[in-house]
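**Student:** no FASTA, just this:
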DNA sequence: CTCTTGACCATGT
DNA sequence: AACATGGCCAAGA
């Protein structure tokens, strides 16, 4: 299984109302550089199969230069999912960070 | 093959 | 909290 497949699987397993940061995905997917996670998704956007809107940065902010509909669009979706943002548009990772254990398991 | 770029992260200031 | 710096590795040009 290649890294891309792992990333897909992990991101796909993020439950509604939870978010996951790139670094965590990289860790789970056994990818050395978290940037690669973003790169994979960016080049291979697949919103239908992959809920990339539940993927945020380690700060709890949304990824910059998001291409699937804009930052605010993503924010709306997350809010609709049940994730709350603070005034600065930041997510409370303490509450919403999905601690994925064995996402790679089928 | 080499050089640049990137949906990032940790650390220091 | 915000900004700056260095590092990491794969894909594109």
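**Tutor:** Great, that's in hand. Small disclaimer: the values here were computed from a predicted structure and weren't measured. Numbers count the residues shown, from 1 in each chain, chains lettered A, B, ... in the order given.
**Student:** contacting residues for the closest residue to DNA strand C within chain A?
**Tutor:** Residue of chain A nearest DNA strand C, by Cβ to the nearest atom of the strand: residue A:32 (3.0 Å). Where you see a C-beta, it was placed from the backbone N, CA and C, and this is true even at glycine. Counting by Cβ atoms under 8 Å, 6 or more residues apart in numbering, residue A:32 touches residue A:26.
**Student:** tell me the pLDDT of it.
**Tutor:** Model confidence at residue A:32, given as pLDDT, is 92.
**Student:** from residue A:23, how far out is it?
**Tutor:** 11 Å (Cβ to Cβ, to the nearest Å).
**Student:** swap in residue A:36?
**Tutor:** Taking Cβ to Cβ as the measure, residue A:36 falls 11 Å from residue A:23.
**Student:** count of residues packed around the residue in chain A positioned nearest to DNA strand B?
**Tutor:** Of all residues in chain A, the one sitting closest to DNA strand B is residue A:38 (2.4 Å; Cβ to the nearest atom of the strand). Close neighbours of residue A:38, defined as other Cβ atoms under 10 Å, add up to 21.
**Student:** pretty sure it is touching residue A:22, no?
**Tutor:** Yes - if you go by Cβ atoms under 8 Å, residue A:38 and residue A:22 touch, sitting 5.7 Å apart.
**Student:** any residues in contact with both of these two?
**Tutor:** residue A:63.
**Student:** close to DNA strand C: what parts of chain A are there?
**Tutor:** A:4, A:32-36, A:39, A:43, A:88, A:90 (Cβ under 7 Å from any atom of the strand).
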